[in-house]
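K.L.:
What follows is a predicted structure for the sequence shown.
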Amino acid sequence: MLSEPTLTDAGQILLGILVLIAAIYDIRFRRIPNWLVLAGIIVGFAWNGYSLGWSGLGHAAEGFGLGFVLYFPLYLLRARGAGDVKLLAAVGAITGPSNVVWMFLLTAILGGLIAVIMLVFAGRVRKTFFNLAWIMRDLSQLRAPYQSSEELDVNSTKGMRLPHGALIAVGAIAFVVMVRYKIRFY
């Protein structure tokens with residue numbers, strides 16, 4: 001069971017700065033720069049170490065590792081870029097393991113809603129259902145979907161792409177709203 005989402009004001013500010021800069025870069029250039037995620041990781045470890053002592057370093061390391069582990073399989077399937085994986089790891093270094101799970105879930109839910117809205121406006125709902133069936137078929141045969149359809153490769157320009165760094169920012173902002181206003185879903 002997930003623990004209650006909590007993050008100090010300083011942590012919320014650090015998180016906000018990281019994800020907003022990442023979102024801007026990802027929207028403008030379709031990439032998240034390494035210097036930004038490295039800065040986020042360093043700041044996450046330093047801030048947690050300073051505010052919580054040695055246990056804070058463990059807290060940051062657990063969040064970093066979990067953030068990485070949550071997105072790395074999607075990177076291997078070419079459903080996420082490396083910058084997205086590193087950004088969620090940096091978010092985890094700032095927020096810790098339980099909070100990065102909250103942001104992962106909020107990003108998935110809100111990102112999915114945004115994607116559906118964009119698909120409807122782009123007239124790609126039917127094509128997307130076809131692609132989902134294709135993905136499920138390939139995964140059931142233990143084959144990466146990008147191997148049989150270039151459109152399903154995040155590195156290809158053939159499919160519709162969303163800047164996922166911006167969706168992580170949406171999830172992080174929703175998380176901060178949850179913390180600030182003590183919104184609970186359980």
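P.N.:
Yes, it's here.

K.L.:
C-alpha only now, for contacts and for neighbours.
P.N.:
Noted.

K.L.:
pretty sure A172 is in contact with M103, am I right?
P.N.:
Yes - at 5.6 Å, A172 and M103 qualify as touching, with contact defined as Cα atoms under 8 Å.

K.L.:
Next secondary structure after the least confident helix or strand in the chain by mean pLDDT?
P.N.:
Lowest on mean pLDDT, DSSP states H and E among the helices and strands of the chain sits helix 125-140, with a mean of 88. Note on helix 125-140: by DSSP states H and E, the next helix or strand toward the C-terminus is helix 164-181.

K.L.:
Using CSV, write out the CA atom coordinates for that following helix.
P.N.:
Taking Å, rounded to 0.1, in the frame of the first residue of the first chain, the C-alpha atoms of helix 164-181 are listed here in CSV:
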residue,chain,number,x,y,z
HIS,A,164,6.5,12.8,-22.1
GLY,A,165,8.6,15.2,-20.0
ALA,A,166,5.7,17.5,-20.1
LEU,A,167,3.4,14.7,-18.9
ILE,A,168,5.7,14.0,-16.0
ALA,A,169,5.5,17.7,-15.2
VAL,A,170,1.7,17.4,-15.2
GLY,A,171,1.9,14.4,-12.9
ALA,A,172,4.3,16.2,-10.6
ILE,A,173,2.1,19.3,-10.4
ALA,A,174,-0.9,17.1,-9.6
PHE,A,175,1.2,15.5,-6.9
VAL,A,176,2.0,18.9,-5.4
VAL,A,177,-1.7,19.9,-5.4
MET,A,178,-2.5,16.6,-3.6
VAL,A,179,0.1,17.3,-1.0
ARG,A,180,-0.8,21.0,-0.5
TYR,A,181,-4.6,20.4,-0.3
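
K.L.:
Pull the distance from that helix to the chain's centre.
P.N.:
Offset of helix 164-181 from its chain centre (Cα atoms, centre = their mean, to the nearest Å): 10 Å.

K.L.:
quick one: contacts for the residue most central in space within the chain?
P.N.:
The C-alpha lying nearest the average C-alpha coordinate of the chain belongs to I168 (Cα atoms, centre = their mean; 4.3 Å). The neighbourhood of I168, defined by Cα atoms under 8 Å, 6 or more residues apart in numbering, consists of V19, A23, L88, M103, F104, T107, G111.
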